[in-house]
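# below is the structure, and that's it, no one-letter string:
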């Protein structure tokens, strides 16, 4: 709803009617940064410092055309496995681009981007024991909580040479890719 044209008026109305402008977004990928960008740039709501909190377990991945470009920008949160073997691009497919990329550079202080004081990042400890804030209070106080766990692709059914349906990861729930490795083997 946050990312839809129809949802924007309802989002604005809800925030303006709330006793505060506190928003919690849970996630660390494209839907998270897109939701944050919409809040900051399309709602017309004046957010104060720290009004938007992003809770995340994983890193924010930024696309770069090369390792050298990333390092020149001061971005080092990648390894050799994150480089495309064909093009040398950093996070070729998973990396944030355009407005989301610019926003994350602000969050992380990368490339001389000015800070974005309205947004604060809280990395979550996977065990739940090392989090240095009261998560329950944060969620209770929020005027809006956005679970930004990613997009689910719309796929067309695929069938193997025998006419049996090829199961896609998208059929089973959120996953890193749309095609199961065993399905790729069936196609080859």
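All right, it came through fine. Just so we're clear, the structure is a prediction, and the values are computed from it rather than from any experiment.

# low-confidence stretches in the protein?
By pLDDT under 70, the weakly predicted segments of the chain are 126-133, 151-154, 170-188.

# can you show me the strands along it?
Per DSSP state E, the chain carries strands over the ranges 23-26, 52-56, 119-123, 144-147.

# of those strands, which is nearest residue 82?
If you check each of the strands of the chain against residue 82 by CB to CB, strand 52-56 wins as the nearest, at 17.4 Å. C-beta coordinates here come from the backbone N, C-alpha and C atoms, glycine included.

# contacts for the closest one next, please.
22-28, 32, 36, 39-40, 107, 118-124, 135, 138, 142 (CB atoms under 8 Å, 6 or more residues apart in numbering).

# filter those down to the buried ones.
22-28, 32, 36, 39-40, 107, 118-119, 124, 138, 142 (16 or more other CB atoms under 10 Å).

# the residue with the largest distance to the centre of the chain and residue 168, how far apart?
If you look at how far each residue of the chain sits from its centre, by CA atoms, centre = their mean, the farthest one is residue 162, at 38.5 Å. Residue 162 sits at a distance of 17 Å from residue 168 (criterion: CB to CB, to the nearest Å).
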